[in-house]
Each structure stands twice: as structure tokens, then as C-alpha cells.
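**Student:** sequence and computational prediction follow.
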2 protein chains.
Amino acid sequence: MPKIRVTLKTIASKLGVSVPTVSRALKDYPDISKETKTAVLKLVDELHYIPNNLALNLRKNKSNIIGVIIPEVVHFFFSSVIKGIMQTAENHGYSVLLTQSQEQLKLERKHAKLLFSSHVDGLLVCLSDETKSFDHFKIFEEFNIPLVLFDKVLDTDTISHVIINDREGAFQATEHLIHQGCSNILFLKGPKDPLNTIERFNGYKDALEKYNIPLDSSNIKSCPHITRPEAYHLVEKVIKEGQLFDAIFGVSDILSIGALGACQDNGIKVPEKVCIIGFSDSEMCEITRPQLSSVYQPGFEIGEKSTLKLIQEIQHIENDGEQKAEQIILKSSLKIRESSNRILKTFC
Amino acid sequence: MPKIRVTLKTIASKLGVSVPTVSRALKDYPDISKETKTAVLKLVDELHYIPNNLALNLRKNKSNIIGVIIPEVVHFFFSSVIKGIMQTAENHGYSVLLTQSQEQLKLERKHAKLLFSSHVDGLLVCLSDETKSFDHFKIFEEFNIPLVLFDKVLDTDTISHVIINDREGAFQATEHLIHQGCSNILFLKGPKDPLNTIERFNGYKDALEKYNIPLDSSNIKSCPHITRPEAYHLVEKVIKEGQLFDAIFGVSDILSIGALGACQDNGIKVPEKVCIIGFSDSEMCEITRPQLSSVYQPGFEIGEKSTLKLIQEIQHIENDGEQKAEQIILKSSLKIRESSNRILKTFC
DNA sequence: CTGAAAGCGCTTACAG
DNA sequence: CTGAAAGCGCTTACAG
């Protein structure tokens, strides 16, 4: 036989007082007799009273829940972001309702609606690659529910967002390759062009320009599904066809790792003949031989900063403040490892 | 100025009918006039009415939320489990409230309480390594809120759980090493011994016994933090000290990968001199050279099956059924790759 | 110091 | 076919 949940009513009737009195005793109200307070606290403890958040939320019109829509969970970068979100949310008394768009606009829409009806206090979204407008988030704006975007965003100056400086990161990576003596650099990208891929490409271009290296469009290669075998076969094909190159820059580590494998299996020494660098600095970079250089993308920090910004907006709104959108740009940084380092070789 | 949320009241007053009538019109009640129904539906559409789940939940005493406590998010295996949970939950109309214990009993406790007060309909837990009892989950049992454990469990026949056959998986891995001609097999384990590590050790022992290989306790090595550098340095030390071995079985891929690096950097050929196999079959296994053999642990399926079991229990309870605990054991399987394969070498 | 009343948004017997 | 009433568990002005 399951127990009946202990409510304020249970306690009130056991004590012969009213429900509001119990409620007040629990919340350290100024006017409340010492006796009732201690009696209430004693019973609360004995009966293991746990407040019903559902009722609280309905009453206060506040759920203390943050909704999250993320394209993919099984991914080093995104899971780091989630961790940053969860830890920050928890520290501020919020819970996290997590959903996954799987890069589909349809699912993103569905989850936005669900999270709205669940009365989340705020929403954290990394847009799917299919998303080209903010239509489905309009209700959040209308009802003053804060929305903060991170990582993959669209151009906006009305919605706060946290991104990294993709262009600068890609610039540094490309410049580094050039400093290693490379000038014929393959650029491996995904299929569609979300804003951050475009920015990475711009960074690549910037660096070439700075060093007066003409941009060769045949050096731009696309891996529609962003998988390792895809990059492997693509680079292998390039090699077999005799196209020359002395470096590879992949917009994602997994692409660079596929490229590395293709070079190795076709007798091209890395970094001696070809330098390779990736993007994200996932844990896999330390596992390849040679270890893979990469542009570090601070996932945890992105989660942390977006959540802080969101909570700040939530509190601001609760105080009836006007809200202005803010763009937060985090710094990426170069992690040079063996795959692009012709000077020193380190191990482990 | 934020809009006021549209409620049944808004619609009722615009239409000059009562709130219950609107409610009934929306839910396809039998007795309801065609006219009111169409009028209501029209307004619902125009005003973009979205029901308030908070109110619904309070009323129905059901949240359609599943609580999840997982030790770590940034982890290939766990994130696969989470994906399985989320997809299955979503397909059945449930949302997921995700929390992370970080392997700490203290946090697990805290989250259990929080999830209880959030009135989750059921709870999915992978126990932290520190957890030695079910005390903090007792309230769920008392109030008939289903709990399903997965992966890391304690011995129980009152709580349903989904695990893999760790012992069998480890047995197969060890037997495979023996078939490769190995007989002096290092066993790398973590610090504490959660049930699944013990089972993996038992599988290792079983295989040695079957082939009459004496168990050498100096072959059992511990990596307290389960990190790659740890395993690297441990195995390097073993090599430098001249302890002989011809194979390594790590209870986690990351340990085996560290071990692989140590062998390679110390001139020990893999798999020629030493065969190596890991556990989990994470994506990293395909990235090392040689690629790492591993015992596949079906993460997505574990998430899927636990969620299905949980939902089944939730529905069973809603129908006042008695509940019996079930143990679901999923099969692991061997993924043989280069690191333990002396016969054929494959690439890519 | 404490109780009665009202209300958050919804649903469901009970009347009519 | 529809409304008035009650209630899910809580909080907060309003009286006294």
C-alpha cells in the first residue's frame, strides 16, 4: 500500500491549526509563535514532509526549470556544454529539462512548444543546422520568457547569445599552419553552412590573405555527414588523384582525424609532409598518433556563461526590468600538438 | 509589454461560456454541441492557447516527467544512455529532468529529493561509486514512484534494473586474448569496486580458470582515477620494472588506450608482443593506431530498455497493478580490432 | 499571532 | 448540452 503524500494539510490537521499557519511557520514569517513553529518543524521532520513543487510553481508562476534544446547529446563538445549548464543551473536552484533536436527543425519546434507549456523560466538553445528563423521562439519573447542562444546562432541583436570567436580561432589555426611552412591548405567543412562554419572559413581566408596566399577553391572540400570515414575517403581520393597539399584544416576534429588516417595509410608523413589541425579540441585529439593539434572550444564555459546570462535575465524580468540583448564572445585557443608541429615532438 | 498567457478563462470569457465547457470542448467530450466546439477550437487556434502543464500536473497528480540521475555526462557511454532515455521518453510523451551525481553520494541524495519534490512520475538511476545502500530512494518506494536502475547497481531483487552481462563480456575478452596465445594478462581496474567491475574481474578469472592459467595477483593493477595518463604511467612502470606480460585487459577503454601508448613509446609492438583489449567500445577505439579491440556495451539500448521498463511500471501503477521487479540483462559483444588481432590487419 | 478567503489553471463528478 | 461547485497543494493579502 503506497503512503499518501504528506502535505501541509496533513501537518495542519495533526496539529489542530490551519494550513496557512503551517505554511508561515515553515517560511520563517515574522509573526509566528515559537511554540507553533517548533511543533511544525518537528512534525515536518518526523513525517518527512517534502513540498510539492507542482503546487508551488502554479501558485508562483515560476517553475525553477530551465529548458534546453541541443542538437546532439553524444558529442564531446555538446556534452561538455550540458555539464556546464547543469552545474551552473544547480548552483542557482534551477533544474534542467533537456531535449534534443537531432539537427531537425521539426523537433526543435516541437520541443520549444513543449517547454513553453511546461512553463520553463527560461530557454537555452543551440540551433539546429536546419533552423533559418526564430519564428518558433516568438512565443517566448511575447510572454517575456528569456531565451539565450549558444554556439550555433543566427544573426540577431535582440536575443542574447554566447559564442566563441570562430573566425579568430580559425585564423590562428591557419596562421599557425602557414608558420609551419604550409601554403597549400585543404579546408574540410560540413555540408550546410551554419554561421560558425562560415566564420571559420572567413578566418581561414583572412590568414591566407594576410600572407598573400591566393585562395584556391579546389582546396575547399565538403563532408556532408561530418564523419570520420567520410573525411578519410575524401582525403584518400585527393591523394590518389594527385592533388597537392601540405596541410589540412578540418572544421571538426573528427574530420581531421579521418584525414590523418588517410595520410598515414597512404604513406604521407604527418607532420613532416602534411600538417593537420582540427577544431574543438575533443579528448580524441590526445589519443591519435601523432596527437592532433586543435582549436580549443570551451564547451563547459559556454554552458556556464549562457546559463548565468539566462538566470540574470530571468531575475531581471522578475524585477520588471527592461532587458537588452547581450552578445558574449568567448575565446578559443590553439592547442598545438604533434600533428602540426615540425619543431619539437613530445610524447604521452 | 509582455502578453498575458492565454488560459481557458480567456477563451471562456470571450465566448461567454464557462471554463469547464471550454475544457470539455477541447477534450472531445461526448456531450458537447458542435457549435461551441468549433467556436472554442477556432479561438484556441487564433489565440495560440497552450495548456498550462503545471496546472494539469497538479490536478492529475502526474507530471509526465522522468527524473534521471547519472554519474557523469561527458562520457561516451553515459551520453549514449542519455540519448536512449530521451528518445524513448519523448516517444511516450515524457520529458526528462536530468541531473548529475558526479559519482558523489551527497549529490545523488540531493537530486533524489529534488526530483521527488518535482513529482517525477518515475526515476532512472545509475548509482554513484560511493553509493552502498538504497536509503535515499526509499521515499520513492513508499509513495509508489517507480525506480529503475541501470548499469551500476547494487544487489537487489526488489528494484528493476537493466545491466549488461559484464562477467560474460569480460570472459569473452579474456578468452579471446588467450586464443591469441596470451597467458600473462594484466587486468587494469579502477579504484573502488562497483558491482560491474567485480563482475568483469570474475569474467577474467573464469577464463583463466577454464584454460588452467593460474591467477597471478601481481597482474591485477589499479588506476584510482580511471584516466589515460594514469594507465600510461602505470604500464610504463611495469615495463621498466621488467614485469613480464603478453596482454592487457582494461575495464575501461581509456585505460587500455593509456596502456597502448605506454607500450608503443617503450618499443613494445601491439599486437605482436602484447595484445590489448578495452571495455565499452567507445568511439575512441577506432581512432587509435592500431585500432583498439573492445567489449561493446550497448549504451543507447540500456537507456531505451530502462526507460521502457520504467514507463511500463508507471502505467502499471496507474492501473493499480502490483509490481514485481525485473532484471534485464543485455548482451555485450566482442569487437575485435587490430590491437588484439595477430591474424589479420585491417585498415581505416 | 492565527484563521477564513481567494486564487494560480485546470478537471471532474453532480445537477439541471 | 452546460454551469456551479469542489479540489489538486500551496501562498498571500485581509481581518481580527
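**Tutor:** Looks like it came in fine.
**Student:** from here on, contacts and neighbour counts on C-alpha atoms
**Tutor:** OK.
**Student:** give me the most central residue, chain A.
**Tutor:** Within chain A, the residue whose C-alpha comes closest to the C-alpha centroid is residue A:81; the distance, by CA atoms, centre = their mean, is 4.0 Å.
**Student:** mind listing what it touches?
**Tutor:** Counting by CA atoms under 8 Å, 6 or more residues apart in numbering or on different chains, residue A:81 makes contact with A:299, A:300, A:301, A:302, A:303, A:304.
**Student:** does it lie in a helix or a strand, and which?
**Tutor:** Secondary structure here is read from DSSP states H and E; on that basis residue A:81 sits in helix A:76-91.
**Student:** mind checking how far that helix is from the chain centre?
**Tutor:** From the chain centre to the centre of helix A:76-91 is a distance of 8 Å (CA atoms, centre = their mean, to the nearest Å).
**Student:** after that helix, next one along is what?
**Tutor:** Per DSSP H and E, helix A:76-91 leads on to strand A:95-100 as the next helix or strand towards the C-terminus.
**Student:** tilt between that following strand and helix B:76-91?
**Tutor:** The directions of strand A:95-100 and helix B:76-91 differ by 90 degrees, with axes from the mean of the first three to the mean of the last three CA atoms, to 10 degrees as the criterion.
**Student:** strand A:95-100 near chain B at all?
**Tutor:** Yes. With CA under 8 Å from any CA of the partner chain as the threshold, strand A:95-100 lies in contact with chain B, specifically through A:95, A:96, A:97, A:98, A:99, A:100.
**Student:** correct me, but the last one touches residue A:73?
**Tutor:** Yes. Using CA atoms under 8 Å, residue A:100 is in contact with residue A:73, at 7.0 Å.
**Student:** if you count surrounding residues, which of those two has more?
**Tutor:** Here residue A:100 and residue A:73 are set side by side on neighbour count (other CA atoms under 10 Å in any protein chain shown), and the busier one is residue A:73, at 27 against 22.
**Student:** just say helix, strand or coil for that one.
**Tutor:** Assigned with DSSP: H, G, I helix; E, B strand; the rest coil, residue A:73 falls in the coil class.
**Student:** show me the shaky parts of the stretch 1-150 of chain A.
**Tutor:** A:1-2 (pLDDT under 70).
**Student:** where does it come near DNA strand D, residue by residue?
**Tutor:** Residues of the stretch 1-150 of chain A that fall close to DNA strand D, judged by CA under 7 Å from any atom of the strand: A:5, A:7-9, A:19-20, A:23-24, A:50-53, A:55-56, A:58-60.
**Student:** repeat that with 6 Å
**Tutor:** Proximity of the stretch 1-150 of chain A to DNA strand D (CA under 6 Å from any atom of the strand) is limited to residues A:7-9, A:19-20, A:23-24, A:51-52, A:55-56, A:58-59.
**Student:** tabulate those in CSV, adding columns for neighbour count and secondary structure.
**Tutor:** Conversion of these to CSV gives the following (neighbours: other CA atoms under 10 Å in any protein chain shown; DSSP: H, G, I helix; E, B strand; the rest coil):
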residue, neighbour count, secondary structure
A:7, 16, coil
A:8, 21, helix
A:9, 15, helix
A:19, 17, helix
A:20, 12, helix
A:23, 17, helix
A:24, 15, helix
A:51, 17, coil
A:52, 17, coil
A:55, 17, helix
A:56, 15, helix
A:58, 18, helix
A:59, 12, helix
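**Student:** distance to residue B:234 added to those, as a markdown table?
**Tutor:** A markdown table is the format used below for these (distance: CA to CA, whole Å):
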| residue | distance to residue B:234 |
| --- | --- |
| A:7 | 55 |
| A:8 | 57 |
| A:9 | 60 |
| A:19 | 62 |
| A:20 | 63 |
| A:23 | 58 |
| A:24 | 59 |
| A:51 | 50 |
| A:52 | 51 |
| A:55 | 55 |
| A:56 | 53 |
| A:58 | 56 |
| A:59 | 58 |
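**Student:** what's the closest of those residues to residue A:308?
**Tutor:** Sorting these by distance to residue A:308 puts residue A:56 at the head of the list, at 23.6 Å, by CA to CA.
**Student:** residue contacts, that closest one?
**Tutor:** Contacts of residue A:56 were listed using CA under 8 Å, 6+ apart, and none were found.
**Student:** the longest helix in chain A is where?
**Tutor:** In terms of residue count, the longest helix belonging to chain A (DSSP state H) is helix A:299-318.
**Student:** what packs against that one?
**Tutor:** Using 3 or more CA pairs under 8 Å, 6 or more residues apart in numbering or on different chains; DSSP states H and E as the contact criterion, the elements in contact with helix A:299-318 are helix A:76-91, strand A:122-125, strand A:147-150, strand A:160-164.
**Student:** whichever helix or strand comes after that helix pairs with which strands, and in what direction?
**Tutor:** On the C-terminal side of helix A:299-318, the closest following helix or strand by DSSP H and E is strand A:327-330. Sheet pairing of strand A:327-330 (DSSP bridges) gives strand A:160-164 (parallel).
**Student:** average pLDDT across the strand it pairs with?
**Tutor:** Averaging pLDDT along strand A:160-164 gives 95.
**Student:** tell me which stretches of the stretch 151-300 of chain A form helices.
**Tutor:** Applying DSSP state H, counting those that start in this stretch to the stretch 151-300 of chain A gives helices spanning A:166-179, A:195-210, A:228-240, A:253-265, A:299-318.
**Student:** distance to residue A:88 and mean neighbour count for the ones you listed - can I get that in CSV?
**Tutor:** Converted to CSV, the helices of the stretch 151-300 of chain A look like this (distance: least, CA to CA, whole Å; neighbours: other CA atoms under 10 Å in any protein chain shown):
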stretch, distance to residue A:88, mean neighbour count
helix A:166-179, 24, 23
helix A:195-210, 25, 19
helix A:228-240, 33, 19
helix A:253-265, 27, 25
helix A:299-318, 6, 21
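**Student:** can you tell me which of these comes nearest to residue B:261?
**Tutor:** Nearest to residue B:261, of the helices of the stretch 151-300 of chain A and by CA to CA, is helix A:253-265 at 17.1 Å.
**Student:** list of residues touching that closest one?
**Tutor:** Here helix A:253-265 makes contact (CA under 8 Å, 6+ apart) with A:188, A:223, A:226-236, A:248-250, A:269-270, A:276-282, A:284-285, A:288, A:292, A:294, B:287, B:347-348.
**Student:** how about a cut-off of 7 Å?
**Tutor:** Surrounding helix A:253-265, the residues in contact under the criterion CA atoms under 7 Å, 6 or more residues apart in numbering or on different chains are A:226-229, A:231-232, A:235-236, A:249-250, A:269, A:276-282, B:348.
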